[in-house]
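Participant: coordinates for the following, if possible.
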Amino acid sequence: MFKILQLTDLHFGDIHPDSQRGDAATKELITRLVDEHSPDLIAITGDLIWSLAKESLVTFREVLAFINAFELPFAVTFGNHDSEADFDREALNLILLEQPHFVTPQALFRADGRLNYYVEFQDGGVSHRLYFIDSGDYDTYSFGEYGFIEPQQIDWLVENEKGFDGISQLFIHIPLEEYNRAKQMGLAVGHQDEEINCPGLNTGLFSRLYLHTKIKAVYCGHDHDNDFSADYFGIQLNYGRVTGFNTYGHLKRGGRLILIEEERIQSSIVE
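Facilitator: As a prediction, this is how the structure comes out:
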């Protein structure tokens, strides 16, 4: 069995009067979740920091040092709050790629500063791939508020899936429009207490996943009061559970534990 601990929306940084206490609580929670569940991989789906807080690039390095200290492989994709300051995605990428316990990224592809890669492993003779795609930050075209996954990123994913005889999963930050459709169809199971803040422009990622890949599950963050899962045409759409205390949201802080046993994938919220 292979275990993945998804953490999301950590929001470290000195941005509120009570930020230091919130960040300490976040570290305590993450440490407990790692100790209790002994994951093989930590997957962080964005908003590691408040980049508009003072000295946020220093905070980013400190967060990575904290994660590295577990001496476990970890993977990261960024969220909309990670690069709002005077540094861009590429500055974060360069720091991330030099971390000692950051996974070895396969088929590494940069698209306008967005980092895309996959991790591959086997369980019981079954090959698995975990794709990490940077869903961006804000929409400069004004279709909506948040960014969308670019066609070149989708093409990269589909191209890498060609000839792969295994099971794949995808980790992003901003939810797809199909999360909203699944909720409207009554398929969502779990907390669905916030508007689904998906991109205003649908670039067709889900249709390409469905028609041309082996993707069986998608995991996102972004919306702190949602943690539901939905089986949408055979692909499991999952929210993580908000992890950080230094941000909004009424849900108890936690993560999502993903269990992979040969061809079976199960996940549940852990607190």
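Participant: from the chain's centroid, how far away is stretch 161-176?
Facilitator: 12 Å (C-alpha atoms, centre = their mean, to the nearest Å).
Participant: buried residues in it, which are they?
Facilitator: Across stretch 161-176, burial judged by 16 or more other C-beta atoms under 10 Å covers 161, 167-176. No exception for glycine: its C-beta is placed from N, CA and C like everyone else's.
Participant: same check on stretch 80-100?
Facilitator: 80-83, 85, 89, 92-93, 96.
Participant: pLDDT check: weakest of those residues?
Facilitator: Among the buried residues of stretch 80-100, residue 85 carries the weakest pLDDT, at 92.
Participant: is it in contact with residue 54, as I believe?
Facilitator: No: using C-beta atoms under 8 Å, residue 85 is not in contact with residue 54, being 9.5 Å away.
Participant: if we can go back for a sec, as CSV, the buried residues of stretch 80-100 with distance to residue 31 and secondary structure would be great.
Facilitator: Listed next are the buried residues of stretch 80-100 as CSV, based on distance: C-beta to C-beta, whole Å; DSSP: H, G, I helix; E, B strand; the rest coil:
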residue, distance to residue 31, secondary structure
80, 26, coil
81, 23, coil
82, 22, coil
83, 26, coil
85, 27, coil
89, 28, helix
92, 23, helix
93, 26, helix
96, 21, helix
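Participant: before we move on, back to that, farthest-apart pair in the buried residues of stretch 161-176, please.
Facilitator: 167 and 174 (23.6 Å; C-beta to C-beta).
Participant: adding pLDDT and secondary structure, write the buried residues of stretch 161-176 out as a markdown table.
Facilitator: Putting the buried residues of stretch 161-176 into a markdown table (pLDDT from 0 to 100; DSSP: H, G, I helix; E, B strand; the rest coil) gives the following:
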| residue | pLDDT | secondary structure |
| --- | --- | --- |
| 161 | 98 | helix |
| 167 | 98 | strand |
| 168 | 98 | strand |
| 169 | 98 | strand |
| 170 | 99 | strand |
| 171 | 99 | strand |
| 172 | 98 | coil |
| 173 | 98 | coil |
| 174 | 98 | coil |
| 175 | 98 | coil |
| 176 | 98 | coil |
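Participant: from these, which is closest to residue 123?
Facilitator: residue 167 (9.4 Å).
Participant: could you list everything the residue nearest the centre of the chain pairs with in the sheet?
Facilitator: Per C-alpha atoms, centre = their mean, the C-alpha nearest to the average position across the chain is that of residue 45, at 2.0 Å. The partner list for residue 45 in beta bridges (DSSP bridges) reads residue 77.
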